[in-house]
Each structure stands twice: as C-alpha cells, then as structure tokens.
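In: only geometry, no sequence info:
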C-alpha cells in the first residue's frame with residue numbers, strides 16, 4: 001500500500017476536561033470509535049474503518065499518535081522511514097501522561113477523554129448506543145470504555161497493555177479494579193465483549209485472555225488464531241489480526257475474525 005490521503009474523512013478536534021485531540025469521521029449511523037494501533041491511523045487501519053462505515057455506521061478515529069494516513073510498510077518509505085514513523089508514535093506516548101504503559105490494574109487517563117467522545121458521538125449520531133474497537137496499544141481501552149452503558153459493542157483487538165514484561169503483567173489488564181467491576185456487572189446484564197489475538201503473540205499472552213474469561217465469564221468471546229493464519233508477507237510477527245496480518249480472502253481465519261467483529265457491531269448497533 002501507499003500513504004492514504006484520507007480524503008473521505010472529515011477532520012475535527014474534540015476537547016474534554018482540558019484534553020484535546022484530532023478526530024477523523026466518516027459515514028452516517030450509530031457511532032463506532034476505532035482506536036488505532038501503533039504507529040497510528042495507517043492505511044490498513046483506515047481500510048478497516050471504512051468497512052465499519054460501510055455497515056451503516058459513523059466511524060470515528062481519534063488521532064492520538066503518529067501521522068494519520070502514513071504507511072509504515074518499508075516498501076512505502078524504506079526501513080528508515082518505517083523506523084521514524086514508529087519512533088514518532090512511541091515518542092508521543094512516552095512524553096504524555098495520558099497513557100499508562102507498564103502499570104497493571106490502572107485505567108489510562110486518556111480513557112476519560114474517549115468516554116466523553118463516545119457520549120458526544122452518541123448524541124450526535126443517535127442509534128441505540130456506540131461501538132468501540134481498540135487495537136494493540138489501545139486494545140484494552142475498549143474494555144475500560146464499557147463502564148458507560150452507551151457502549152454496546154466493545155472489541156479488544158490484540159490488547160497489549162500492560163506490557164508483558166513480568167509474569168504479573170502477562171496476567172493483567174489495563175483497567176482499574178473499580179472499572180472492571182462495573183464492566184463485569186454490565187456483562188452480567190447482557191453485555192458481550194469480543195477479543196482477538198494470535199496464539200503465539202508475546203505482546204498479548206494467553207494468560208491475558210484467560211483472565212478475561214475468568215472475570216467476564218461467557219460474556220467474553222475470545223477469538224484466538226494460529227500464527228500460520230497471518231499474512232506471510234507482513235514485516236512483523238503475527239499480531240495485528242484485522243490490519244497488517246489480515247489475509248483478506250473468504251475462508252481465511254483472519255477474514256473470518258474480521259467478519260465476526262463486523263457482525264458484532266452490526267448486531268448491537270444496527271439490528272432493531
């Protein structure tokens with residue numbers, strides 16, 4: 001792929017409690033907040049967002065880090081360009097107090113802003129509620145956002161925080177105990193949480209999905225893919241099931257996972 005000019009998205013800013021970030025929007029219908037993985041809103045993240053839009057939803061992409069539309073693949077800008085793209089995103093995260101990276105059992109401060117964005121978009125777009133798809137670094141944010149009853153369709157794609165640098169972190173979530181209790185209560189009342197990971201992904205240990213099953217019970221639907229299902233020409237090991245490592249062909253396991261995510265959003269937001 002090449003850089004995506006994102007001409008079919010409008011660009012705005014949303015401010016809440018002194019925090020302000022850019023937002024890209026496209027489509028009409030109930031809102032779905034799509035939170036990008038590192039290094040940001042890549043062309044493949046945008047392609048996923050368009051599929052959500054084409055369901056009949058308003059897709060909303062917070063521009064939290066990186067350069068929106070820039071292709072991180074070495075084929076687009078060379079390995080030096082790929083490294084620079086990643087370093088820019090990581091640098092933004094490291095200097096910001098909005099993101100909790102290593103601490104287990106803590107909800108990142110940026111989630112407060114994301115929840116406010118979801119409330120704002122629900123008022124603006126209507127519908128029964130809002131969806132949220134987090135990826136990698138932002139994967140767990142979709143879970144923490146589900147404390148709000150307007151969040152009806154949370155999806156955790158390869159939730160990578162807290163970084164699995166210790167045994168404790170491998171079996172931990174980036175959500176506070178109080179927020180987790182609130183989500184668990186919603187699950188007992190009928191909320192379903194989707195999760196997607198590759199089985200061999202060291203950034204998303206199997207212990208993390210096991211903990212989600214323990215905490216949320218049958219309300220957590222974990223989709224775990226064999227590493228062999230990942231796109232073989234990707235520049236990184238199997239990780240990003242719906243974007244970089246998607247094999248977009250009928251019958252492929254990653255395509256089936258994508259279809260299940262889209263169906264989850266459709267069922268919760270578009271089926272009367």
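Out: Perfect, thanks for sending it. These numbers come from a predicted model, not from an experiment.
In: what stretches of the chain score poorly on pLDDT?
Out: Residues of the chain that meet the criterion pLDDT under 70 lie in 1, 76, 79-99, 101-102, 272.
In: need the longest strand for it.
Out: Ranked by residue count under DSSP state E, the longest strand found in the chain is strand 19-27.
In: And for that one, what's in contact with it?
Out: Residues external to strand 19-27 that are found in contact with it (C-beta atoms under 8 Å, 6 or more residues apart in numbering): 6, 8-14, 41, 49-50, 52-54, 56-64, 68, 98, 110, 112-113, 117. For glycine as for every other residue, the C-beta is placed from the backbone atoms N, C-alpha and C.
In: Parallel or antiparallel, list what pairs with that strand.
Out: Based on DSSP bridges, the strands next to strand 19-27 in the sheet, each with its direction, are strand 10-16 (antiparallel), strand 58-63 (antiparallel).
In: Would you mind pulling up the elements that the helix or strand just after that strand packs against?
Out: Using DSSP states H and E, the helix or strand that directly follows strand 19-27 along the chain is strand 31-35. Counting contacts by 3 or more C-beta pairs under 8 Å, 6 or more residues apart in numbering; DSSP states H and E, the secondary-structure elements packed against strand 31-35 are helix 43-54, strand 58-63, helix 110-125, strand 130-135, helix 141-145.
In: Dump those into a markdown table; add mean neighbour count and distance to residue 209 as well.
Out: Formatted as a markdown table, the entries for the helices and strands packed on strand 31-35 read as follows, by neighbours: other C-beta atoms under 10 Å; distance: least, C-beta to C-beta, whole Å:
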| stretch | mean neighbour count | distance to residue 209 |
| --- | --- | --- |
| helix 43-54 | 21 | 21 |
| strand 58-63 | 24 | 25 |
| helix 110-125 | 19 | 20 |
| strand 130-135 | 29 | 15 |
| helix 141-145 | 28 | 12 |
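In: all helices in the protein, in order from the N-terminus.
Out: Taking DSSP state H to define them, one finds helices in the chain at 43-54, 74-95, 110-125, 141-145, 167-170, 177-188, 206-216, 253-269.
In: on that earlier part again, and the longest strand of the chain, what's buried?
Out: Within strand 19-27, the residues that count as buried by 16 or more other C-beta atoms under 10 Å are 21, 23-27.
In: any chance of the residues you listed in a markdown table, plus distance to residue 186?
Out: Listed next are these as a markdown table, based on distance: C-beta to C-beta, whole Å:
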| residue | distance to residue 186 |
| --- | --- |
| 21 | 26 |
| 23 | 25 |
| 24 | 28 |
| 25 | 26 |
| 26 | 28 |
| 27 | 26 |
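In: now residue 31, nearest residue through space, not along the chain?
Out: residue 121 (3.7 Å; C-beta to C-beta, 6 or more residues apart in numbering).
In: give me the number of residues near residue 192?
Out: By other C-beta atoms under 10 Å, the residues close to residue 192 number 18.
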